[in-house]
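Trainee: sequence? don't have it. structure:
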């Protein structure tokens with residue numbers, strides 16, 4: 001992430017992406033959750049499943065699983081851009097909240113659990129954040145090693 005330390009994460013605001021696994025053909029399946037849309041849709045959380053070719057790293061398929069009456073807010077071109085950017089980070093998960101804090105996971109330690117965090121708005125973080133994370137560079141914090 002060092003060479004991405006000054007990237008603009010604004011396009012990821014209120015978006016979560018994580019690698020779900022692989023499909024039958026071995027392609028990577030990524031799940032995108034739109035936090036802004038989730039607050040306006042009734043029932044279950046609207047999710048978008050993105051299939052990416054492991055050989056070309058291009059989006060092969062985009063499938064929305066939304067409750068009735070819920071319409072995608074993020075366009076197909078935006079999904080492709082977000083997916084390409086997410087894949088460049090070689091992360092397991094990436095989530096940005098409405099305050100611009102960015103949470104990046106490299107390990108499969110739990111759904112959306114972060115290993116690296118960009119702190120944009122420290123007042124809006126969990127009160128235990130600083131016991132679990134240590135500063136590494138600028139506004140970036142890394143998860144402390146487990147005992």
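Mentor: Received, thanks. Predicted model only: the values in this text are computed from it and were never measured.
Trainee: show me the strands in the chain, by range?
Mentor: 15-22, 28-34, 47-52, 59-65, 93-96, 102-105, 116-118, 133-137, 140-143 (DSSP state E).
Trainee: so which of these is nearest residue 73?
Mentor: Closest to residue 73 of these is strand 28-34 (C-beta to C-beta; 5.7 Å). C-betas here are computed from N, CA, C, even on glycine.
Trainee: still on that earlier bit, I'd like the strands of the chain as JSON lines, with distance to residue 78 and mean neighbour count appended.
Mentor: Below are the strands of the chain laid out as JSON lines (distance: least, C-beta to C-beta, whole Å; neighbours: other C-beta atoms under 10 Å):
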{"stretch": "strand 15-22", "distance to residue 78": "9", "mean neighbour count": "18"}
{"stretch": "strand 28-34", "distance to residue 78": "10", "mean neighbour count": "19"}
{"stretch": "strand 47-52", "distance to residue 78": "11", "mean neighbour count": "20"}
{"stretch": "strand 59-65", "distance to residue 78": "11", "mean neighbour count": "14"}
{"stretch": "strand 93-96", "distance to residue 78": "14", "mean neighbour count": "22"}
{"stretch": "strand 102-105", "distance to residue 78": "18", "mean neighbour count": "22"}
{"stretch": "strand 116-118", "distance to residue 78": "21", "mean neighbour count": "21"}
{"stretch": "strand 133-137", "distance to residue 78": "29", "mean neighbour count": "13"}
{"stretch": "strand 140-143", "distance to residue 78": "25", "mean neighbour count": "18"}
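Trainee: dig out what the residue minimising distance to the centre of the chain forms beta bridges with.
Mentor: Centre of the chain computed as the mean C-alpha position; nearest residue by C-alpha atoms, centre = their mean is residue 94, 2.6 Å away. Judged by DSSP bridges, the bridge partners of residue 94 are residue 104.
Trainee: if I look at it, how far off is residue 127?
Mentor: 23 Å (C-beta to C-beta, to the nearest Å).
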